[in-house]
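Asker: could you work out the structure for the sequence below:
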Amino acid sequence: MKREEFSCTSRFIAMEYLKMDPLVLVEVIERLLRVEEELTGEFLLIGETYYLTPKGLKIFASYMTIAGSRVPGASQDNVDRLWDDLIKMGLIDSSLYLRLVARGLMLKKKEGAGRATGE
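Answerer: Here you go, the predicted structure:
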């Protein structure tokens with residue numbers, strides 16, 4: 001894969017957007033890759049930094065929206081800012097964010113109902 005095919009780095013996202021330790025994002029991406037091994041081509045690890053393809057960036061941003069609580073230290077305002085810029089760049093469709101947020105709210109509601117009924 002050519003270097004030009006990668007559009008961003010985990011370090012840049014961590015430092016410029018999420019205002020957090022870049023190694024936290026490395027851990028999050030590695031957790032994501034353990035769950036979805038076929039995504040390996042969308043993320044390239046060089047040193048302590050992952051390089052992300054446009055698709056990898058979309059997958060990562062989607063993961064953060066659904067599982068925002070799994071990214072320690074990332075404020076929702078910073079995640080929203082990242083999404084806004086990805087939408088402006090045309091990497092992500094604005095309706096995707098709304099669908100993911102709705103899905104995340106539905107999952108939380110189900111989990112809460114399961115706990116309330118003792119399931």
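
Asker: hey, let's count contacts and neighbours off CA atoms from now on
Answerer: Noted.

Asker: can you give me the helices in the chain?
Answerer: 10-12, 22-35, 54-66, 76-88, 94-116 (DSSP state H).

Asker: check contacts around L86.
Answerer: Residues counted as contacts of L86 (C-alpha atoms under 8 Å, 6 or more residues apart in numbering) are I92.

Asker: separation between it and F60?
Answerer: According to C-alpha to C-alpha, to the nearest Å, L86 and F60 sit 11 Å apart.

Asker: ok, now L23?
Answerer: 15 Å.

Asker: so which of these two has more stuff around it?
Answerer: Higher neighbour count among L23 and F60: F60, with 19 against 15, using other C-alpha atoms under 10 Å.

Asker: pretty sure that one contacts E30?
Answerer: No: F60 sits out of contact with E30 when judged by C-alpha atoms under 8 Å, with a separation of 10.9 Å.

Asker: check contacts around the residue nearest to K55 when sequence neighbours are not counted.
Answerer: Nearest residue to K55 in three dimensions, chain neighbours excluded: E42, at 6.5 Å (C-alpha to C-alpha, 6 or more residues apart in numbering). By C-alpha under 8 Å, 6+ apart, E42 lies in contact with L52, T53, P54, K55, G56.

Asker: partner residues bridging the first one?
Answerer: Beta-bridge pairing for L52 (DSSP bridges): C8, F43.

Asker: with that, I have no additional questions.
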